[in-house]
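Asker: I need the structure of the sequence given here:
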Amino acid sequence: MMDYSPFYFKNFYEKKPKKAKRGSYTSPLHAEAEKGKLNNDLSHNSGENMNGQGGMDGRNGMDGRSGMDGRGGMDGRSGMDGRDGISEKSKKKGDKTGLFATIIILLCFLCVVVASDFLSGGAIVAGLKTTFNPNQGVKYYFLCVGEYDTELKAITHADAVRKKGGAGYIHINNNRYYVVIATFLDKKSANTVQGKNEGTKIFELETKEIKLAASGTKERALANKVRDKLVEGVRELYLYANALDAGESEHSEVMDKLSNLRNEFLYLKEEIAVGTMIASDKIELFRIIDPMYGGLDALFYETSGDFLSAALRNIMAGTVTALCYSPKQS
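Answerer: Numbering: from 1, shown residues only. Predicted coordinates for the structure are as follows:
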């Protein structure tokens, strides 16, 4: 890369006087005559040297044919930007050629990956999704009320919570029973609601990798698909419940969306059922899906509009429990 900053020349065209030999003598008159001759030469050649054919702006100068901007100069035919030099067009052409070659290489690589994935039945792409998966390690927050030593005692409190629009789901931690009011997707929201409800506790839960007996690529890909779909489903239910409570959505509108969501999980269960997984792994995936699918399916038979948001929160809590392990209390 050339540096095109201004060039500075000092005494470039000025003839430097030779040093007098030691012991030699030059008379004052001779020196004055030589100085006058030099001045005349400079005056006579100023046009030629500075603006003429042999000057800085002439044919042989900075802007002339043979100068720095002429044919043999920086911008001339044989200069740095001329026909024989490194022209701007050549640079652009080289850049385009390199870019084109890079695109061709990427397209060839993509074709190889697609062909290999097709021959492997989708195992390669599934493996990539497994490696780069954002839904492992997703955190949820249960806001709970009450603490009981038996489930029977917690059930009574859970019914009361559901009638008020809460989840009413019974959460078990260290052999103690707590009633979930709501599930939150972030800690800040959980803390805000906790500040308005004395005696409540927050439990943090985090999604983990679904453990299967078989560890093949296809099995792992399907397990991750189940987890990802459930994570998306929980988020949808969270939005629907809040929209219902705020009066932003109608009951019938939400039920239509829930019907589509239920069908998606039904198709997912069918995919698992007809797959080549071993029986124990299929049972494990069904166990994780059922809180979501079973809860949504029940909505179309026994839930009235007054308790729809509470039912959605209950389904959320059950699904999060199936997805997560080792909750932490805060």
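Asker: what residues are up against residue 175?
Answerer: With contact set as CB atoms under 8 Å, 6 or more residues apart in numbering, residue 175 has these partners: residue 149. No exception for glycine: its C-beta is placed from N, CA and C like everyone else's.
Asker: separation between it and residue 152?
Answerer: The gap separating residue 175 from residue 152 is 14 Å, by CB to CB, to the nearest Å.
Asker: just residue 184 next, same as before
Answerer: 27 Å.
Asker: residue boundaries of the strands in this protein?
Answerer: Under the criterion DSSP state E, the chain carries strands at the ranges 139-148, 169-173, 176-184, 200-207, 324-329.
Asker: now the ones you listed as TSV including distance to residue 230, mean pLDDT and mean neighbour count?
Answerer: Putting these into TSV (distance: least, CB to CB, whole Å; pLDDT from 0 to 100; neighbours: other CB atoms under 10 Å) gives the following:
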stretch	distance to residue 230	mean pLDDT	mean neighbour count
strand 139-148	11	96	22
strand 169-173	16	95	20
strand 176-184	13	97	24
strand 200-207	9	95	18
strand 324-329	11	59	14
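Asker: Residue 193: which of the ones you listed is closest?
Answerer: strand 139-148 (5.8 Å; CB to CB).
Asker: Please name every helix or strand in contact with that closest one.
Answerer: Strand 139-148 is packed against helix 151-163, strand 176-184, helix 187-194, strand 200-207, helix 308-323, with contacts defined by 3 or more CB pairs under 8 Å, 6 or more residues apart in numbering; DSSP states H and E.
Asker: If we use 6 Å, what do you get?
Answerer: Secondary structure elements in contact with strand 139-148, counted by 3 or more CB pairs under 6 Å, 6 or more residues apart in numbering; DSSP states H and E, are strand 176-184, helix 187-194, strand 200-207.
Asker: Just checking: what are the partner strands of it?
Answerer: strand 176-184 (antiparallel), strand 200-207 (antiparallel) (DSSP bridges).
Asker: got any ranges where this structure has weak pLDDT?
Answerer: Low-confidence segments of the chain, defined by pLDDT under 70, span residues 1-96, 113-114, 116-136, 303-305, 325-330.
Asker: Do a quick rundown of the helices in it.
Answerer: 28-44, 46, 88-119, 123-131, 151-163, 187-194, 217-245, 251-274, 279-302, 308-323 (DSSP state H).
Asker: Let's have those in JSON lines, adding mean neighbour count.
Answerer: Conversion of the helices of the chain to JSON lines gives the following (neighbours: other CB atoms under 10 Å):
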{"stretch": "helix 28-44", "mean neighbour count": "10"}
{"stretch": "helix 46", "mean neighbour count": "12"}
{"stretch": "helix 88-119", "mean neighbour count": "11"}
{"stretch": "helix 123-131", "mean neighbour count": "15"}
{"stretch": "helix 151-163", "mean neighbour count": "15"}
{"stretch": "helix 187-194", "mean neighbour count": "15"}
{"stretch": "helix 217-245", "mean neighbour count": "19"}
{"stretch": "helix 251-274", "mean neighbour count": "15"}
{"stretch": "helix 279-302", "mean neighbour count": "16"}
{"stretch": "helix 308-323", "mean neighbour count": "24"}
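Asker: between those, which gets nearest to residue 138?
Answerer: helix 217-245 (5.6 Å).
Asker: Is it correct that residue 184 is in contact with residue 193?
Answerer: No. Here residue 184 lies out of contact with residue 193, judged by CB atoms under 6 Å, at a distance of 7.3 Å.
Asker: now the helices of the chain as TSV including distance to residue 139?
Answerer: Supplementary listing: these in TSV, determined by distance: least, CB to CB, whole Å:
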stretch	distance to residue 139
helix 28-44	84
helix 46	82
helix 88-119	32
helix 123-131	20
helix 151-163	23
helix 187-194	8
helix 217-245	11
helix 251-274	22
helix 279-302	17
helix 308-323	10
